[in-house]
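Student: Prediction below, plus the sequence it came from.
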Amino acid sequence: MSVHVRLARAAVSAAIVTLSEAVRYQLVSEVESDRFSAEDTLVERIMQRLAECETEGDAGTA
């Protein structure tokens, strides 16, 4: 199943909204390792949200 564009946007938005303030500050940090860590956290959250969307979508087709 492929995720619809609007659903993907909602999943990404949900992932961003749930980031802590500390991670948000790290995303714009001048310290490269802090930025990389924050980016990894964001990507992990986005992938979790997309996986949830796919799981829920599969449940709806059963």
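Tutor: It's in.

Student: from the middle of its chain, how far away would the longest helix along the chain be?
Tutor: If you go by DSSP state H, the chain has its longest helix at helix 32-60. Centre-to-centre, helix 32-60 and its host chain are 4 Å apart (CA atoms, centre = their mean, to the nearest Å).

Student: Point to the residue nearest the middle of the protein.
Tutor: residue 46 (1.8 Å; CA atoms, centre = their mean).

Student: what's the pLDDT at that one?
Tutor: If you check residue 46, the pLDDT there is 91.

Student: For the closest residue to it other than its chain neighbours, the count of nearby residues, please.
Tutor: The shortest distance from residue 46 to any non-neighbouring residue, by CB to CB, 6 or more residues apart in numbering, is to residue 15 (4.5 Å). Where you see a C-beta, it was placed from the backbone N, CA and C, and this is true even at glycine. Applying other CB atoms under 10 Å, we find 19 residues neighbouring residue 15.

Student: helix or strand for residue 15, which one?
Tutor: Assigned by DSSP states H and E, residue 15 belongs to helix 5-17.

Student: Would you mind getting the angle between that helix and helix 32-60?
Tutor: Between helix 5-17 and helix 32-60, the angle comes out at 140 degrees (axes from the mean of the first three to the mean of the last three CA atoms, to 10 degrees).
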